[in-house]
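In: How does the following fold in three dimensions:
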Amino acid sequence: MNQLEQIKQFTVIVADTGDIESIKQYSPQDATTNPSLILAASKKSEYQHLISDAINFAKGNKTLMMDKLFVNFGVEILKLIPGRVSTEVDARLSFDVEGSIQKAHSLIAMYKEAGIDKERILIKLASTWEGAQAAKVLESEGIHCNMTLLFSLAQAVVCVDAKATLISPFVGRILDWYKKAEKVEGYAPDKDPGVLSVTQIYNYYKKFGIKTQVMGASFRNKEEIIELAGCDLLTISPQLMGELKSSDEPLKRKLNPDNAKNQKIEKLELNEKAFRLLLNENAMATEKLSEGIRKFAEDAQTLENSIANRS
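Out: Predicted structure coming up:
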């Protein structure tokens with residue numbers, strides 16, 4: 001078996017793309033999207049009908065147009081995968097609990113209108129305090145959430161209290177920060193700071209029997225993925241899935257719930273004040289969370305402006 005097939009034995013593989021053709025090629029279980037991925041896909045000629053449909057549907061309402069565009073891509077992706085698609089709430093709502101809840105309701109309603117059951121949708125929310133509070137409400141309503149832009153154990157812990165279905169701790173962006181901060185070219189795969197962060201979160205969750213699933217995200221190289229083999233899910237770009245598919249080298253499961261249960265880990269109880277302090281003490285997580293929100297918001301604005309100019 002190639003490495004992609006080997007990983008699929010103990011990890012659910014999720015396509016990290018808005019490119020529908022790539023999803024056809026690699027047959028993942030699930031798929032994730034975000035404004036940056038949809039922005040890239042929107043420039044391709046084969047997806048212009050999805051954009052035209054969103055423009056016609058919205059009748060000049062930019063907010064409605066963007067929601068419909070994201071749902072259009074999600075519906076097309078769901079035709080190709082057996083599982084779920086993650087659709088992101090506007091990053092500009094990352095500190096707005098009620099706004100995030102309303103946006104999730106709007107997206108779910110549009111999917112329902114398209115004949116898609118909410119069980120096949122994961123609403124992506126930034127892993128801020130407000131994002132976690134929105135997720136708590138949505139999960140209580142039976143709307144499943146995927147907590148993104150997650151860079152620290154503190155964020156992972158507040159997502160547990162929210163009973164989030166899934167968290168997406170980032171790997172590559174953590175690596176980027178440490179390479180710059182420590183002025184190094186790179187790290188051995190098992191010393192990669194992003195890999196270590198996801199491993200810590202995975203072990204914490206499994207140690208305490210937490211039901212929320214862990215999906216490693218944002219990879220910079222194939223080696224990071226191999227080091228996290230055994231994680232509940234991994235969301236991988238088409239390029240890196242291609243690299244895994246082209247290699248027949250054997251790989252071993254690195255993350256295992258049985259091993260996690262034997263580790264000495266202290267359980268954290270975080271209220272809002274404790275969460276904000278702990279996050280603030282982690283310079284990397286604080287900076288990457290803020291940067292990620294700005295970047296997704298910027299790409300959403302760019303996409304919105306680009307499409308609005310066509311109408």
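
In: Give me the helices and strands touching the helix or strand bottoming out on mean pLDDT in the chain, please.
Out: Least confident helix or strand, the chain: helix 35-41 with a mean of 88, by mean pLDDT, DSSP states H and E. With contacts taken as 3 or more Cβ pairs under 8 Å, 6 or more residues apart in numbering; DSSP states H and E, helix 35-41 sits against helix 62-78, helix 283-308. Any C-beta I mention is one placed from the backbone N, CA and C, and that applies to glycine too.

In: Out of these, which is closest to Lys43?
Out: helix 283-308 (8.6 Å; Cβ to Cβ).

In: Give the phi and psi angles for the nearest residue to Phe296 once chain neighbours are set aside, as a check.
Out: Counting by Cβ to Cβ, 6 or more residues apart in numbering, Phe296 lies nearest to Ala91, which is 3.7 Å off, once chain neighbours are set aside. Here is the backbone geometry of Ala91 (degrees, to the nearest 10): phi -60, psi -20.

In: Asn262 - how many residues pack around it?
Out: Other residues near Asn262 number 9, with proximity taken as other Cβ atoms under 10 Å.

In: now the one 5 residues further on
Out: Using other Cβ under 10 Å, Lys267 is surrounded by 8 other residues.

In: Assign it to helix, strand or coil.
Out: coil (DSSP: H, G, I helix; E, B strand; the rest coil).

In: now it, nearest residue through space, not along the chain?
Out: Excluding the flanking residues, the one nearest Lys267 by Cβ to Cβ, 6+ apart is Phe208, at 6.0 Å.

In: just Leu150 next, same as before
Out: Closest residue in space to Leu150, ignoring its immediate chain neighbours: Ser127 at 4.1 Å, by Cβ to Cβ, 6+ apart.

In: Tell me who's in contact with the one you found.
Out: Met147, Thr148, Leu149, Leu150, Phe151, Gln155, Ala156, Val158, Cys159, Ile167, Leu289 (Cβ atoms under 8 Å, 6 or more residues apart in numbering).
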